[in-house]
Every structure is written in structure tokens, then in C-alpha cells.
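S.K.: show me the folded form of this:
(2 chains)
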Amino acid sequence: MPLDTSTYNLALLRVDGRRWNELRQQKGQLGVQPSADGSAYLEMGNTKIQCIITGPNERDTKSTSSASTAPTSHGLGATVAVSIMIAPFATVDRKRRGRNDKRLQEMQTTIASGLAATVQGQSYGPRSTIHISLNVLSQDGSLLACLINAASLALVDAGVPMTDYLVACTAGSTSSYAAADEEADPLLDLNTQEEQELPFLTLATLGATDKVVAMVCESRVQLTRLEGMMATAADGCKGVRDFLDGVVRDKGELMVQEGAIGRGEVVSSMDLD
Amino acid sequence: MSSTSQHLLLSPAELAYLHGSLSLITPGPIRPDGRSPTQFRPLTAETGILPGTNGSARICFADGTEAVVGVKAEVEKTPVPPYEFVASTEGRKGHSSAPKKSSRKSKKTTTEDEEISMDVDEDDEEAAGVNEKARVSPDWVELSVEIPGLRDDDSGTVFLTSMLTEALLADGEFVKKLWINRRFHWKLYLDIILISPPLSYPLPLLSLTTHLALLATRLPRLKSEADEDPMFDDDWAAATFLYPRQDTTSAKASNKSPKQPSAAAAAAPASRPPITLLVMAVGDNIIFDPSKEELAVADSAVAVSVAEGPSSETEPESESIPATSTKRNLHLLSVRTIDPPSRLTPPGVPNSVNAAAWGTMTAATPTTTTAATAPANESGAAKHPDARVTETEDVVGVWKAPRGGAKFGMLGAMVAKVLERGGVAEEVLDGLEGVDLT
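M.R.: Below you'll find the model as predicted:
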């Protein structure tokens, strides 16, 4: 279903009522799965993801057969294995996707190599694997970005050392043809409707810095707009990083309140950054 | 074979200890987690977690296993064989709203005959509607199970899928709810996802989650009539539950006209989707909802599917007793034996006959005379008649895998224990009733 983008120029409001640089509503939760080594639940708009982390443990070739793997610390550290499962009921029309779906494989590889760049895996040794399994329960745009954010949140819950959060965000452009170059606005955090209509890219940065870890763009974009889109996405990544950090701090607060950790130790370690 | 065989790091001695404590008779079985034999693991449940589905549920067992079920419905055309289609259009003439013009034309010519034929047609229609409802297909339900780390075509996954499907389709009542009209039906997709790694045999978890998701499933309200192309109410608040609420009086009122095809879902009596319970036997003890460790020493394991039919209104006693205490009308749908992993664990061998422990000769020779006459180089325990006897006998503290299938008496007792009044099935259904359906 094509999106009527012409209305954007009238009020500068998008189909869901956001302005160009607004993120969708986000909701995050840490430690949702008590039996896992680490877990997180993340909602960005209507995209809902649950991430389960098993490990680091000894490499199990059987369970990682369909997962994409990437070694950390130049092959000296633990391997990051990512497998994505999209629930058949995640999309509006039910659609069953096989595990060897090429698009899924590509996303898995992107996430695995992106996380391998931030995970300090040398403390585990090269024969261990951190298995990240991502369950997509509901899908409404910015899937890759959401998966990256959920994985990074769950890694924090699992206590895997990382240099910073790996955060990702999408950015698009309001028009897809060259003539409208002047009035084209970059858009942040697209939903499915916008993704189907507009050119967009997914950008993953290391925390709030401008260090780009991964960038995926599968649509035709005017070269002149690329820079604006990347800048917008990087801004979005900052917002996402703040949000994820908030989730982690809230969880820490909660653990202190519940008496799981003493107050002093937590506060001192959290004030380090 | 099912996927109950998982890596379990218990030694033969530990298995024997577990088996011993579970088969105790005088104080009853002592379970590792301190539960009573009929007690379930505590669980947290919620429904309506995914607004994009027709119904969804999530259950988390206390041991950390978690499952999510999403139900999606699509309208599908029912394939009608050509000769039946002709018959049905003839029967429909003069009755349904579409061919009104033709009936008006015929009114000019005949008035009384028309009336009579209308009545006859209506009867035909009703009879046809009943026949049509009987002509439902189990293909209208599609169920898929996703277990992390296992392939889609893994035998365990396939077995679980077919067991849950079987329970759903066993009494043939469920597919009737999906009937829209002669030409269309709902196709229901049930997608079951185990989120956590399979820590215990996930059958009860998946079954209970499916049960809740089906209870929470709603289908849009039908606006069109008879055999028209179906039109549905846009208002989700007006959507009807697949399993109508028990407390709503409208469901009971419409009970009297169950032949009305348009109100198929609403007219269905207050029943509930099936549940499948895992029951196992150790010695003479029957244990419900076994954990992985308990299942490892089971003599036999059985999956019992139970459904709740309409609460029996023929019984006079139900009038006096308040609605909450009326007994449930449970009926058995299916029983499946499950291969417990204990069949796959090799039996422990006492040292006295274990050739690897150099026990064959030294232990056997002083006690028996036949062994003394045997030549010393014939050391295999299999060749030794006495050693074979000791191998098949029970030795205290040595794990021995059960042999043979479940005993008939035990199977009967297990099923009876599920179905009995105030039994486990009722308890589980009562517990699930407490879940807020949104």
C-alpha cells in the first residue's frame, strides 16, 4: 500500500503524527527471562523484540547451525552467534519465514559483526560462544535497528563486557526523486508504512559517539541527501542510547531497592562514566 | 520418538536415588522441588499481549520456561464441489436476501404457493446448514511449534505439533466455530513459540499457553447475512470471542437456537479449549507436571488431553448450586504415551558383574560353584549365567532403566486421576480461569 507522502509538506507531520526528528515511543525491560543468562524486551513503536542470551559457554555446533557467527578481539575472544526468529504472527498478514531466509541471514551477520566490534570477548577465550537469540513478536519498521538495540540491552543484562552500547536507528528522506531536493526533509525512525515508500538507511553507532559501526542502505537515495540522513540517524542513536541507559539505570535502582545489591557499590560503579 | 531425551547430567546412582524417593509409598513420593504429586509448577500468565493478533498469551513457568502463542485468523473460501453448489443455490432461492427480485416476480403469479414453498425452503435451509456445519475440515486449523535450537522438522517438534493439533481437533467441535457460511470459513493459524531454551519437556507449557490464547481469541463480528461474501464489523470492541464467556447471559439465551448459522460462534455453548497434561508414573505413584529430572526416571509418561464441554444443564442439582461451584463436564480427548528419556539411559551395572571394574571373576567365584568350574579366560558377563541373573535383578542404589511399556492398570489410573472430580484437570482449569482476559 503506497503511502501518501504529499501531506507531509502541509503540516510537516508524518502519518503517525510525529515530527521529522521524533523517535517512536519506546519501552524496555531487563531480565525478563529468569532461566536465561541475560534477556531483554524492547518495544520501539509497534516493533516488539525479546532477546535471550545464552552463554558464554563452550561452542555448541548443533544449536548454532542456523546462526551467524562473528569472532571478537580478532579471533582471540569469544564468538558472538546471532539467530533471529520472526514469529509468523508478527506481521499484519501471517507469514512464515524459514530459518535460512536470506534476509534474516544478512541481518544476523550484520548484528553479529557489529556486536563483535563492541564486545570485549578476550576475557572468555576463543572456544566460547555468546549465543544471542532474538525473537520478533511484532514487526512495524526499523527491524534491524530494533534488533541491535535489544541485543545490546540483553548483553548488558548478561554482564558481558562492552565498550559502549551498540545503538542503531533508521533515517529516511521525505521524497525519492531529485527534483524535490530542496524541500526534502530527513525523517527519523521510520515505521513500516514509511519504509515501504521512502528511501531509508539503518545506522548503528557506538553509544553516543559518531563512530559508525554498521550502516545498511537497501534503497536508492540521492547522494546529496545521504549526509543529512546519516546525521539524523546518528542523532537518533544518541536518543536511543539515552533511553537504553535509562532502562539499565532504572533496573539498577530497582535492584538496590529490592536489596539485591548494596547501595554504595552500585552507585560508585555507575558513576564511573 | 519425542524430544524428551535431553542432556541430563545425573549419574546412575543419582538416578537411582531419585527413582527411589519418587516411588516411595508410605509418605508418598518426595519430589526434588518439594511439590505434592498433583501440584503444578507456579506460573505467571497474561493474555492480549500482542494487539496485532486475534488472540495471544504468554505463560512463564517458575523454572523460567516461557512460551508465547499468537493466533491469527484469515477468511478463506471453502471449496464447494460443483454439484453441491447447484443444489445449494436452488435451495436458497426465494429465501436469502440476494435473489429477492426473483421471488417478487413469482409473487405476481402465485401468492399462496410462494408462502408454502418459502416454508419448505427454510426447512431445507436449516437442514442444509446443519449438514454444512458437519462438513467442516480439520485443515481450517494450522498449528506450528517453534523451539529454539531445534529444526522445524525435528521429530520432537513434529510430535509436539501433532499432539497439540490432535487435542484441538479430537472432538470436532472446534472447527465448527470457524464456520462463517457455506462459502467461507475462518482459517486459524496458531503459532506457538517457546522463548526460553527447553529446560523441561515443554508440552504442558505449550498446551496451557495455547489454551489461554484461544480463550482470548476474538473474531470480528459478522455483518453480512447467509451466504453473501462476508462483511465484518470494523469495531474491534464488538468482536466476538471464539469461546464465549460463561458469565454472559446472551450466550446462554442463544443456546436454544443452535442452528442459526450466522450466530455460530455466539450460539456455541460455554465450553473451553482442550488442555494437555503430562502425567508420569514411577513405581505405583502418579506424578503430575514432572520436571526434567523427574521425567528422567519415569517408568512411563503419558500426555492426556482433556476438554471441557458445556456445563450440563440437564442436571437438576445445577439449579440450586451457585454457578461457581457447578461441576465441570470434563471429557477425555486423547491419550498418548511419551517415551521417557529413562528408556534411553543405559542401566547401571553393579561392580560385581562389571567387566570394566574387574569384578566378574573375583566377586562371582567365591559364592557360586558353577563359576569356579568355568575357565578363567571366559570373562564376559554376558556369557556368565549367574552374572546375567544379577544384571536383571534390582540392585539397591543402582539405576536400572525401566523395561516394557506402561501397565494397563496404571494407564487407567492416570487417566482417572486427571478426570476425577476435584482432580488435577479441574484444578488447572480453575487456575487458568483466574487469568484476566483482555
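
S.K.: wait, is residue A:132 part of a strand?
M.R.: Yes. Under DSSP: H, G, I helix; E, B strand; the rest coil, residue A:132 falls within a strand.

S.K.: any idea of the pLDDT on it?
M.R.: For residue A:132, the pLDDT comes out at 92.

S.K.: who are the contact partners of it?
M.R.: A:51-53, A:80-83, A:111-112, A:115, A:151, A:154-155 (C-beta atoms under 8 Å, 6 or more residues apart in numbering or on different chains). The way it works is simple: take the backbone N, C-alpha and C, and place the C-beta from them, glycine included.

S.K.: intersect those with the contacts of chain B.
M.R.: Intersecting the contacts of residue A:132 with the contacts of chain B gives A:52, A:83 (criterion: C-beta under 8 Å from any C-beta of the partner chain).

S.K.: for chain B, state which of the contacts of residue A:132 is nearest.
M.R.: Using C-beta to the nearest C-beta, residue A:52 is the member of the contacts of residue A:132 that lies nearest chain B, at 6.5 Å.

S.K.: I figured that closest one was touching residue A:31, is that so?
M.R.: No. If you go by C-beta atoms under 8 Å, residue A:52 and residue A:31 don't touch, sitting 11.1 Å apart.

S.K.: neighbours of the residue in the stretch 151-273 of chain A positioned nearest to chain B, how many?
M.R.: Ranked by C-beta to the nearest C-beta, the top residue of the stretch 151-273 of chain A for proximity to chain B is residue A:192, at 11.2 Å. By other C-beta atoms under 10 Å in any protein chain shown, the residues close to residue A:192 number 19.

S.K.: next to chain A, which bits of chain B? Give me the list.
M.R.: For chain B, the contact set with chain A under C-beta under 8 Å from any C-beta comprises B:49-53, B:56, B:60, B:63-66, B:68, B:70-72, B:74, B:144, B:146, B:148-149, B:151-152, B:189, B:191, B:193, B:195-197, B:199.

S.K.: any of these buried? List them.
M.R.: Burial by neighbour count, judged by 16 or more other C-beta atoms under 10 Å in any protein chain shown, picks out B:49-50, B:52-53, B:56, B:60, B:63-66, B:68, B:70-72, B:144, B:146, B:148-149, B:189, B:191, B:193, B:195-197, B:199 from the residues of chain B next to chain A.

S.K.: which ones among those residues map onto strands?
M.R.: B:56, B:60, B:66, B:68, B:70-72, B:144, B:146, B:189, B:191, B:193 (DSSP state E).

S.K.: residue B:428 and residue B:304: what is the separation?
M.R.: In this view, residue B:428 and residue B:304 are 11 Å apart by C-beta to C-beta, to the nearest Å.

S.K.: in terms of neighbours, single out the busier of those two.
M.R.: Taking other C-beta under 10 Å, residue B:428 and residue B:304 do not tie; residue B:304 has more neighbours (24 against 21).

S.K.: which strand or helix spans the more buried one?
M.R.: Following DSSP states H and E, one finds residue B:304 within strand B:300-308.

S.K.: that strand packs against which elements?
M.R.: helix B:155-169, strand B:272-282, strand B:330-338, helix B:408-419 (3 or more C-beta pairs under 8 Å, 6 or more residues apart in numbering or on different chains; DSSP states H and E).
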